[in-house]
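**Student:** Sharing a sequence plus its predicted fold:
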Amino acid sequence: LLADATSAIAELGYSSKQGDRMLVVENTKKVHNVIVCTLCSCYPWPVLGLPPVWYKSAPYRSRVVIDPRGVLREFGLELPEDVEVRVWDSTAELRYLVLPERPAGTQSLNEEQLAALVTRDAMVGVARVAPPEAGGKR
């Protein structure tokens with residue numbers, strides 16, 4: 001996925017002209033990535049479905065580049081100061097997805113259980129993946 005996102009995503013049956021070239025960036029303990037399209041609303045529709053209204057809004061598109069931490073705080077995501085925030089600008093030729101950081105306490109979860117934790121917002125970078133609630137329910 002990190003080496004060749006376009007091919008990896010296509011293997012799962014997600015491809016079209018609106019996302020024919022994909023790049024996946026990985027969140028880690030020290031790096032948090034967030035996606036934007038500053039010119040319009042380029043978004044990986046084949047993978048994530050229709051974009052949320054906020055993604056296409058002029059305030060999000062301009063502010064996330066200038067003040068990414070402030071925008072993330074508005075989404076409820078407060079990152080430690082030692083975490084670098086990287087903003088990736090999608091284009092019609094190249095669309096980005098975030099590979100979210102794996103939450104603590106999920107080592108025993110299988111692929112299906114992990115996938116159930118991942119949200120669209122986490123794959124855009126405005127949220128983190130939350131661990132499952134006590135008792136394994138979410």
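**Tutor:** Now that the structure is in, tell me what you want to look at. Numbering: from 1, shown residues only.

**Student:** ok, how many other residues are close to Asn110?
**Tutor:** The number of residues packed near Asn110 is 7, by other CB atoms under 10 Å. Bear in mind the C-beta positions are built from the backbone N, C-alpha and C, glycine included.

**Student:** Quick check: it vs Thr6, distance?
**Tutor:** 26 Å (CB to CB, to the nearest Å).

**Student:** Same check on Leu50?
**Tutor:** For Leu50, the distance to Thr6 equals 21 Å [CB to CB].

**Student:** Need phi/psi at Pro44.
**Tutor:** When read as degrees, to the nearest 10, the backbone of Pro44 gives phi -80, psi 70.

**Student:** Where does the prediction get shaky in this protein?
**Tutor:** The chain contains residues with pLDDT under 70 at 13-20, 134-138.

**Student:** what are the ranges of the helices in it?
**Tutor:** Under the criterion DSSP state H, the chain contains helices at 5-11, 45-48, 53-56, 58-66, 68-74, 111-117, 120-124.

**Student:** if I pick the residue nearest the centre of the chain, what's in contact with it?
**Tutor:** Closest to where the C-alpha atoms of the chain average out (CA atoms, centre = their mean) is Met123, at 2.1 Å. By CB atoms under 8 Å, 6 or more residues apart in numbering, Met123 lies in contact with 47-48, 97-100.

**Student:** who has more neighbours, Leu50 and Thr6?
**Tutor:** Thr6 (16 against 10).
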